[in-house]
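A.B. asks: sequence and predicted structure below; questions after.
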Amino acid sequence: MVENQNMIGTREVPIITLAQAGVSFGPVKALDGADLVIMPGECVGVVGHNGAGKSTLVNVINGRLSPTSGTVSYDGAPGVADFRNSHRARSSGVRSVFQELSLCPNLTVLENYRIPYRNMPKAGWRKNAASAVRASLDAVFPDNGIDPYSVVADLPIADRQMVEIAIAFSRRDIDARLVILDEPTSSLDGAIADQLLAYIKTFCANGGAIIFISHMMGEIFDVASRIVVMKDGRIIENDDASNFTRDGLVDAMGHVVPDTQDVANILEKREFGPEVLRMENGLNARKGEVVGLAGLAGHGQAEVLAQCFLERTSDWSASRAPAVVFVAGDRSRDGVMPLWSIMRNLSLQTLVEFSRTFLVDRKAERGIARTWHEKIGIKTDDLDNPILSLSGGNQQKVLFSRALASSAPIVIMDDPMRGVDVSTKKEVYRMIRSEAENGRTFLWYSTETDEILECDRVFVFRDGEIAAELKGEQITEENMLRASFEMQEAGQ
Amino acid sequence: MNMINKDNNMQPQKRSARDFLELVSGKPWIWAFLAAGATYLATLLVVTNSAGAGALLYAALTFASFSVIVGVGQMFVVTLGPGNVDLSIPATMTLAATLSLKFMATDGALIVPGVLIAIGVGLVCGLFNFSLILLLRIPPIIATLSSSFLFQSLAIWSNRGVRVKPPELLAQFSTGGIFGLPNVALIALLVSVLAWCVLEKTIAGRWVLATGQNKRAARLGGVPVNAVRFVVYVGCAVLAGVAGFVLASFSGGANLNMGTEYMLMSIAVVVIGGSSIAGGNSNVPGIWGAALFMFLIVSMLNSYGLGAGVRLMLTGLIIVSVVVLASKRRHQI
């Protein structure tokens, strides 16, 4: 394995070469004739809609999927069509950070480091692992304060994401040469995401390569030296980042140019109804208002939302007119019923509302499912398919439909746009707008600034408490950041 | 030309084989019935006369009924998700049977209140179990195990080991049958049809399945999780009470270890029947297949004249292989 280390810095040999690589699942072509060469020192940004084939491309590169046609070769070695690509990927230093967090929650941070490092020397491994994780965490995210001995389940989601990224960059017997980051910043707030982007730049400058998948255009243009655009399982553009513009990129992906100006104008000057919600910590909302919860990730916003929901609903009875409904962001923990079909998942919240007796009204159920299938564009032919057959973004649409189909006057959204593509986001923003105009109230926690800018009023959280309340013109990224950090400085 | 013809001939055969596999894999309960059928046929190799074959089936239906009644209750509990199991079923059966039979004191006029007492005992036992689980936050396995000691002690205390006989009329009913079917089997059939309707047709059934898949997500999706768990635990205990009552009437009286074998039996029929131990996935028809299988396997080994030790060992082995086979098929396709 030593020869790998020698090759770091040699820029002639591509780390990975895909030649007409394709993956089909039965009749579905998840990846179709992909050609891609990644040289050391490159940062390749990959963009595309939900279900465009990004994850499949990544899984072919890291060897989890074997291509059903074409070849993949590592380090210029000839491509072989067998099932040992994951081994080859590992020995050429390919590592991945997945969109769905893949740490073992019951283990400590350092034990999670140990899992992919299969042949770690056994003597004193805990100490070595702790210092390796520590070093990597400090290198990528300075001043993170994460203890390598803490159990992953006890960490907030943002910290878990940081740990996972740090483990991918950590020192092992085979150094990381190509790190695949699939939506790495989706749970991170701006400042921490910036640290990651800065680290990516130094990593590439030292001869490493990155595949960077993100829905955030700003980040792609910030770090990527080359951009690959995917659509329907094909690579449709592959060019230097300097040859793209934001609008050009969005056009290439195949959806309308987002028109933020329009949305911003609608926000102005709306009258709201009476106060419909007030919590002990001062969080309040009026009828028809979209209230944002902002602040750094993991500062108690999710807990407040869960509390708000649980206080207003019962463990013991379901109401035909529920006071609140919940849209989960952490899909597998808070939302999806993994054994069920799309339709059953969609109808769960509204069962008592549309059924007049204690029996499930199947006709009404199918009607509601069809309506939302069309309205929100869930990408499936058959609503009886299992929910897990959908991509993450489409699962999220199902969860949105589950909540919005209800008559509840208050909708709680816990960072619901994670892993959702731009056009769906715009669609959902529009839907939220029109629902709000019809008198629904939204509580919306988001880690993305442009989503918070859609809100009528914003509460900025810090350490589980409200640090500031922003209204109208005050809602700017600057004010939010100031409120998130202000007290920190004052305390020191 | 030749090739094309060949292809045309092959296609329908292939398809029908695949259809069959799909049918089988889509319905895990088929495996329990196949196993029961195979065991039945294997027994018939020894029991040659046709009267014996009929009698065996009749006995199997009778004894399977008790397993089905408790199995249905256990299935709902297991469906609630990992860690959910009711170990107090045997004790509840004993207590319900003892108290109700003692109350009736072989008086045929008191049958209806006797049934109500059995149900009432089940209700109280279920309430007690669930309050341990909910209020004291004891894991269900420990809670139901410890309460089963309490129920068993109450049963001992109430009749001091005396065998209480059922009223004559009740004994006749529970050992008799109509339309060639044992009456107890009809009761079990009624219970399982009701359970199937609850799971497939009602909102409550959806809630049970949702809670079993992901309790937190179910709660956030508007499911009244505690009410669901409450009803399931109480329902399971009520079914155990009913099963105890019917079993005591059938076997000529309540005694203290009448429920013992139903501890494992109730769990075995759920698992062999194709319900998922991980929760969220139940299977009512499979319970019948599994209950028949569990009886037939013992009678098969009996009729082959095997000793008690060998019999138990083979029973264990066969059960394991059925479970492995059934779960493997489901994963492959």
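C.D. replies: That came through, no problem. Numbers count the residues shown, from 1 in each chain, chains lettered A, B, ... in the order given.
A.B. asks: for residue 217, grab the count of nearby residues.
C.D. replies: With no chain named, the answer covers chain A. 18 (other CB atoms under 10 Å in any protein chain shown). C-beta: built from backbone N, CA, C; applies to glycine.
A.B. asks: my question was about chain B
C.D. replies: Counted by other CB under 10 Å, the residues lying close to B:A217 total 25.
A.B. asks: same question, A:D463
C.D. replies: 12.
A.B. asks: kindly report the same for B:A204.
C.D. replies: With other CB under 10 Å as criterion, B:A204 counts 21.
A.B. asks: residue contacts, it?
C.D. replies: By CB atoms under 8 Å, 6 or more residues apart in numbering or on different chains, B:A204 lies in contact with A:F358, B:V198, B:V228, B:V231.
A.B. asks: now the helices for the stretch 1-150 of chain B?
C.D. replies: For the stretch 1-150 of chain B, the helices defined by DSSP state H, counting those that start in this stretch cover B:2-26, B:29-44, B:50-79, B:89-104, B:111-135, B:140-159.
A.B. asks: now the residue lying closest to B:Q74 once chain neighbours are set aside: how far from chain A?
C.D. replies: For B:Q74, ignoring the flanking residues on the chain, the nearest one in space by CB to CB, 6 or more residues apart in numbering or on different chains is B:S266 at 4.0 Å. The gap separating B:S266 from chain A is 23 Å, by CB to the nearest CB, to the nearest Å.
A.B. asks: for B:T94, same thing?
C.D. replies: B:T94 is 31 Å from chain A, by CB to the nearest CB.
A.B. asks: pretty sure that residue contacts B:L150?
C.D. replies: No. Counting by CB atoms under 8 Å, B:T94 sits too far from B:L150 to count as a contact (11.9 Å).
A.B. asks: higher neighbour count, those two?
C.D. replies: B:T94 (30 against 14).
A.B. asks: and the helices of the stretch 1-150 of chain B, which is most packed in?
C.D. replies: Among the helices of the stretch 1-150 of chain B, helix B:89-104 has the highest mean neighbour count (mean count of other CB atoms under 10 Å in any protein chain shown), at a mean of 28.
A.B. asks: same for it, what does it pack against?
C.D. replies: helix B:50-79, helix B:111-135, helix B:140-159, helix B:225-250, helix B:262-272 (3 or more CB pairs under 8 Å, 6 or more residues apart in numbering or on different chains; DSSP states H and E).
A.B. asks: let's go with 10 Å and repeat that
C.D. replies: The contact analysis (3 or more CB pairs under 10 Å, 6 or more residues apart in numbering or on different chains; DSSP states H and E) places helix B:89-104 against helix B:50-79, helix B:111-135, helix B:140-159, helix B:168-175, helix B:225-250, helix B:262-272.
A.B. asks: can you tell me which of those comes nearest to A:F212?
C.D. replies: Comparison of those against A:F212 by CB to CB identifies helix B:225-250 as nearest, at 40.5 Å.
A.B. asks: isn't there a strand covering A:R95?
C.D. replies: Yes. Under DSSP: H, G, I helix; E, B strand; the rest coil, A:R95 falls within a strand.
A.B. asks: wait, what's in contact with it?
C.D. replies: A:62, A:89, A:116, A:167-170, A:172, A:174-181 (CB atoms under 10 Å, 6 or more residues apart in numbering or on different chains).
A.B. asks: could you check the pLDDT of it?
C.D. replies: If you check A:R95, the pLDDT there is 89.
A.B. asks: which non-adjacent residue is nearest it?
C.D. replies: Closest to A:R95 by CB to CB, 6+ apart is A:A168, at 4.5 Å.
A.B. asks: state the helix or strand in which that neighbour lies.
C.D. replies: helix A:157-169 (DSSP states H and E).
A.B. asks: how far does that helix sit from its chain's centre?
C.D. replies: 13 Å (CA atoms, centre = their mean, to the nearest Å).
A.B. asks: over to stretch A:362-370?
C.D. replies: Relative to the chain's own centre, stretch A:362-370 is displaced by 30 Å; criterion: CA atoms, centre = their mean.
A.B. asks: swap in stretch A:448-459?
C.D. replies: 18 Å.
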